[in-house]
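Peer 1: Next input, structure requested:
(chains A and B)
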Amino acid sequence: MGQKTISIFDVVGSKAAVSTEDGERLFETISAFLEKDFDVVLDFANIETLITTFLNAAIGQLYSKYDSPFLRKHLRVRGLQPEDRDRMIKTIERAKEYFKDKENTEKDIREAFDDE
Amino acid sequence: MANIYRQVKPCQFETIQLDFQNTTWFDANMLAMLGAIMESAWRNDFDIINLVNLRPEQKKIFKKTRYSYFGGESLPDHYQTTVEYRKSKVSEIGSFEKYLEKKLLVNPGLPNMSALLRKKIKESILEIFNNAKMHGNCEFVFSCGQYYPRKGRLDFTIVDIGNTIRKKVRDYSGRKVSGRRSIEWAVSEDNTTRKGNIPGGLGFTLIRDFLCKNKGKIQIASADGYWYEKEYTSHSEDLSDFFGGTAVNLEFNVNDQCSYCLTSEISDTDISF
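Peer 2: Predicted structure coming up:
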């Protein structure tokens, strides 16, 4: 099993990782390598703008296919700007929560508006 | 502005005069709302809206933003207090990002902000742009900004004329939720109307968190609901009028000296999947 490094700058072709489409493309690339038993390193060098829309599509979506122990073992990040690390951590936490409670979410929202 | 929308909405194939006779001031950022209303009237009902009795100084402000009503005709903005009006395709976030960079963040009229503050401002606006795309199901987003040098405030408004927040929440919950309650729910942590494999519900939380620390403000009007938050205090109300889209105004404190780098101790290797 080898290791593949994906340059986010190369995937999005810009210093701004902001669109769902680019996020989806990164998600597909990561998935393809993971399916082939590669360990994956995501290199965020030169990325200056990073928003949750991109991260949800690229990283959050991974939790629809893989569980946390698997991703922890086979996925790493590097080159994130210090202020973006918190955003990355929140995206990961949110994704875990989202997929854990996905089935209950609709019930919850109906209950939230029970008095309407 | 919602009242204008309500009055214009039933018209079809008409020429409507929007009279500015008694309007002494019109914030440039509100041109985003006016642009959206004019677009909606034209696209849906072939109405033409004429602006009449505009005071010369107002006309000047409109032209400084290159507001499309004047065919994009522009005037120099010597004091750099406006941010150019723009109608953007939702599919072109890359080009919108460049517009923010060139027309907003390099505005020489703005004080010397830290790189991090600029970055936070840009990211907040881009999150709202993407919300319009993901949830509004609309084709265009309208934006414009006004800078108040003496107050050290920058207001930037983003408007779409797609699905209202109320419609999305009603469709999702199956409950007849009011516009006000829908916005309250939508801006709360972890809440999202998404159903697929891409999680959501984080964007508003980050924006609110930043704007509270920044001592800025966020205002949202959608359907018959209005909500705002300023310095950790939020307020909402029912509007007597209905706006068939979503308008978000972000007010930034551009004199902010905070670093926002609260997580500098975290390294890449601490990020645990």
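Peer 1: And B:L202, how far from B:I61?
Peer 2: 36 Å (Cβ to Cβ, to the nearest Å). For every residue, glycine as well, the C-beta is placed using N, CA and C.
Peer 1: Same question for B:L211.
Peer 2: 25 Å.
Peer 1: ok now do residue 38, which residues does it touch?
Peer 2: All of this is about chain A. A:1-4, A:74 (Cβ atoms under 8 Å, 6 or more residues apart in numbering or on different chains).
Peer 1: I was thinking of chain B, sorry if that wasn't clear
Peer 2: Applying Cβ under 8 Å, 6+ apart, the residues contacting B:M38 are B:49, B:69.
Peer 1: So which bits of the stretch 1-150 of chain B are right by chain A?
Peer 2: Neighbours of chain A within the stretch 1-150 of chain B, by Cβ under 8 Å from any Cβ of the partner chain: B:93-94, B:97, B:116, B:119, B:122-123, B:126-127, B:130, B:133-134.
Peer 1: Out of the residues you listed, which comes closest to B:E229?
Peer 2: B:E127 (15.0 Å; Cβ to Cβ).
Peer 1: how close does that closest one get to A:G2?
Peer 2: From B:E127 to A:G2 the distance is 36 Å (Cβ to Cβ).
Peer 1: Could you check how far the longest helix anywhere in chain A is from the centre of its chain?
Peer 2: Ranked by residue count under DSSP state H, the longest helix found in chain A is helix A:82-100. Computed by Cα atoms, centre = their mean, to the nearest Å, the chain-centroid distance of helix A:82-100 equals 8 Å.
Peer 1: What residues of that helix count as buried?
Peer 2: Residues of helix A:82-100 classed as buried by neighbour count (16 or more other Cβ atoms under 10 Å in any protein chain shown): A:83-88, A:90-92, A:94-96, A:98-99.
Peer 1: Give me the mean pLDDT for it.
Peer 2: For helix A:82-100, mean pLDDT is 91.
Peer 1: Show me what that helix is packed against.
Peer 2: helix A:52-58, helix B:203-214 (3 or more Cβ pairs under 8 Å, 6 or more residues apart in numbering or on different chains; DSSP states H and E).
Peer 1: any residues touching it, and which ones?
Peer 2: Under Cβ under 8 Å, 6+ apart, the answer for helix A:82-100 is A:44, A:47, A:50-52, A:55-56, A:59-64, A:68, A:77, A:80, A:105, B:116, B:119, B:190, B:192, B:199-202, B:205-206, B:260-264, B:266-268, B:270-273.
Peer 1: One more: stretch B:125-141?
Peer 2: For stretch B:125-141, contacts defined as Cβ under 8 Å, 6+ apart pick out A:16, A:18-20, A:49, A:51-53, B:39, B:87-91, B:93, B:96-97, B:100, B:104, B:143, B:156, B:158-163, B:165, B:168, B:193-194, B:200, B:203-204, B:206-207, B:245-246, B:248, B:250.
Peer 1: Repeat that for stretch B:178-192.
Peer 2: For stretch B:178-192, the external contacting residues (Cβ under 8 Å, 6+ apart) are A:94, A:97-98, A:109, A:112-113, A:116, B:164-166, B:168-170, B:177, B:193, B:199-202, B:204-205, B:208, B:220, B:222-227, B:229, B:234, B:236-239, B:242.
Peer 1: Report how far apart the opening and closing residues of it are.
Peer 2: One end of stretch B:178-192 sits 17 Å from the other (Cα to Cα, to the nearest Å).
Peer 1: chain center to that stretch, what's the gap?
Peer 2: 17 Å.
Peer 1: same thing with stretch B:165-182?
Peer 2: Distance, stretch centre to chain centre, for stretch B:165-182: 20 Å (Cα atoms, centre = their mean).
Peer 1: ditto for stretch B:152-164
Peer 2: The answer for stretch B:152-164 is 1 Å, by Cα atoms, centre = their mean.
Peer 1: Dump it to PDB, restricted to CA.
Peer 2: Output of stretch B:152-164 as PDB, limited to C-alpha atoms (Å, rounded to 0.1, in the frame of the first residue of the first chain):
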ATOM      1  CA  GLY B 152     -15.500  52.200  10.700                       C
ATOM      2  CA  ARG B 153     -18.300  50.000   9.300                       C
ATOM      3  CA  LEU B 154     -18.600  48.100   6.000                       C
ATOM      4  CA  ASP B 155     -22.100  46.900   5.100                       C
ATOM      5  CA  PHE B 156     -22.300  44.300   2.300                       C
ATOM      6  CA  THR B 157     -25.700  43.000   1.200                       C
ATOM      7  CA  ILE B 158     -26.400  39.800  -0.800                       C
ATOM      8  CA  VAL B 159     -29.800  39.100  -2.200                       C
ATOM      9  CA  ASP B 160     -31.300  36.300  -4.100                       C
ATOM     10  CA  ILE B 161     -34.800  35.900  -5.500                       C
ATOM     11  CA  GLY B 162     -35.000  32.100  -5.200                       C
ATOM     12  CA  ASN B 163     -36.600  29.900  -2.600                       C
ATOM     13  CA  THR B 164     -37.300  31.700   0.700                       C
END
